[in-house]
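Chemist: everything below, folded, please.
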Amino acid sequence: MKRLEGKVAVITGSGRGIGKGIALEFAKEGCNVVISDYKGSNEGKSAVEDMKSMGVGSIFVKADVSKEKDVRNLVRQAVKKFGKLDIFVNNAGILVSGTALQLTEKDWDRQMAVNLKGVFFGTKYAVEQMKKQGRGGRIINISSIAGIVGFPGISAYCASKGGVTEFTREAALDHAKDGITVNAINPGVIVTDMTKGMLNDRPTKRNLMKNTPVGRFGQPADIGNAAVFLASDKSSFITGHNLVVDGGWTAR
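Modeler: This next block holds a predicted model:
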């Protein structure tokens, strides 16, 4: 029996990168997947075809997670297609570089709108649907090790991910009685389009590798595998937890 057989999951920001990595691992475990991105990208539609080729149901829903109406509609479309919602993964995120002195108010607000407000909206409407169903559910937030330790030059990003880390704990307490677990994954350096610029710079790449004890950078599938566990029945006694998947970075 596959670990997520017959389940329905919504994954925000899943046209590529970590989100798609999670979607692929979910599909391998028999989960129907709603792919979502902020624009009607070819990547998102291609991801749907990848899911279907693995024998599961999948649709694409355009959604900007910083807009409440979009997230509300995302959940509605998932339920309209599949009749239920079992898992919601708040993955969509952006990285706005800059120190407190360098950032503008617009920069700060944009970072928080996607990375933090988007998680709030996703949790709100996922919980609403899961409570209506009365069978519990799983919410997984993608935070970062930047929500645990500081990184120079990305103050808004660190603040947003720190918010996700703590929001996860609080939401877990609010909804445990409903059978809904709320956990987060805190990735280290994962090879995606978001990290491409850093990894293309040789001195930066060397420094990042030096701080990753296992001697390699993570792949989207590494986060996908962690997400499968948190979405499965095997994690039913785990809630309010931030699962660090960083190759040993924060253990130093």
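Chemist: can I get the lowest-mean-pLDDT helix or strand in the chain as CSV, trimmed to CA atoms?
Modeler: Sorting the helices and strands of the chain by mean pLDDT, DSSP states H and E puts helix 196-200 at the bottom, at a mean of 85. Output of helix 196-200 as CSV, limited to C-alpha atoms (Å, rounded to 0.1, in the frame of the first residue of the first chain):
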residue,chain,number,x,y,z
LYS,A,196,21.0,29.3,-8.8
GLY,A,197,22.6,32.7,-8.5
MET,A,198,24.4,31.8,-5.3
LEU,A,199,25.6,28.5,-6.6
ASN,A,200,26.9,30.0,-9.8
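Chemist: what lies in contact with the helix or strand following it?
Modeler: Stepping forward along the backbone from helix 196-200, the first helix or strand reached (DSSP states H and E) is helix 202-210. For helix 202-210, the external contacting residues (CB atoms under 8 Å, 6 or more residues apart in numbering) are Val189, Met198, Leu199, Gly215, Phe217. C-beta coordinates here come from the backbone N, C-alpha and C atoms, glycine included.
Chemist: mind listing the strands the one helix or strand Val244 maps to pairs with, and their directions?
Modeler: Using DSSP H and E, the element containing Val244 is strand 242-245. With DSSP bridges as the test, strand 242-245 is paired with strand 180-187 (parallel).
Chemist: how far does the partner strand sit from the chain's center?
Modeler: Distance of strand 180-187 from its chain centroid, counting by CA atoms, centre = their mean, to the nearest Å, is 9 Å.
Chemist: just the buried positions in stretch 51-59, please.
Modeler: By neighbour count with 16 or more other CB atoms under 10 Å, stretch 51-59 contains the buried residues Met51, Met54, Val56, Gly57, Ser58, Ile59.
Chemist: which of those residues sit farthest apart?
Modeler: Comparing every pair within these by CB to CB identifies Met54 and Ile59 as the most remote, at 14.5 Å.
Chemist: for this structure, which helix is longest?
Modeler: The longest helix of the chain (DSSP state H) is helix 155-175.
Chemist: give me the angle between that one and strand 180-187.
Modeler: In terms of direction (axes from the mean of the first three to the mean of the last three CA atoms, to 10 degrees), helix 155-175 departs from strand 180-187 by 160 degrees.
Chemist: which strands and helices lie in contact with helix 155-175?
Modeler: On a contact count with 3 or more CB pairs under 8 Å, 6 or more residues apart in numbering; DSSP states H and E, helix 155-175 meets helix 105-112, helix 118-133, strand 137-142, strand 180-187, strand 242-245.
Chemist: again, only using 6 Å
Modeler: helix 105-112, helix 118-133, strand 180-187 (3 or more CB pairs under 6 Å, 6 or more residues apart in numbering; DSSP states H and E).
Chemist: make TSV from those and add mean pLDDT and mean neighbour count to it.
Modeler: Formatted as TSV, the helices and strands packed on helix 155-175 follow (pLDDT from 0 to 100; neighbours: other CB atoms under 10 Å):
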stretch	mean pLDDT	mean neighbour count
helix 105-112	98	15
helix 118-133	98	20
strand 180-187	98	26
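Chemist: TSV for the ones you listed, including distance to Val245?
Modeler: Output for the helices and strands packed on helix 155-175, formatted as TSV (distance: least, CB to CB, whole Å):
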stretch	distance to Val245
helix 105-112	22
helix 118-133	18
strand 180-187	5
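Chemist: which of these sits closest to Thr168?
Modeler: strand 180-187 (4.1 Å).
Chemist: what lies in contact with the closest one?
Modeler: With contacts defined as CB atoms under 6 Å, 6 or more residues apart in numbering, strand 180-187 is touched by 130, 136-145, 148, 168, 171-172, 223, 226, 230, 239, 241-245.
Chemist: could you flag which of those are buried?
Modeler: 130, 137-145, 148, 168, 171-172, 223, 226, 230, 239, 241-245.
Chemist: that older thread, which of the buried residues of stretch 51-59 fall in helices?
Modeler: Short answer: the buried residues of stretch 51-59 in helices (DSSP H) are Met51.
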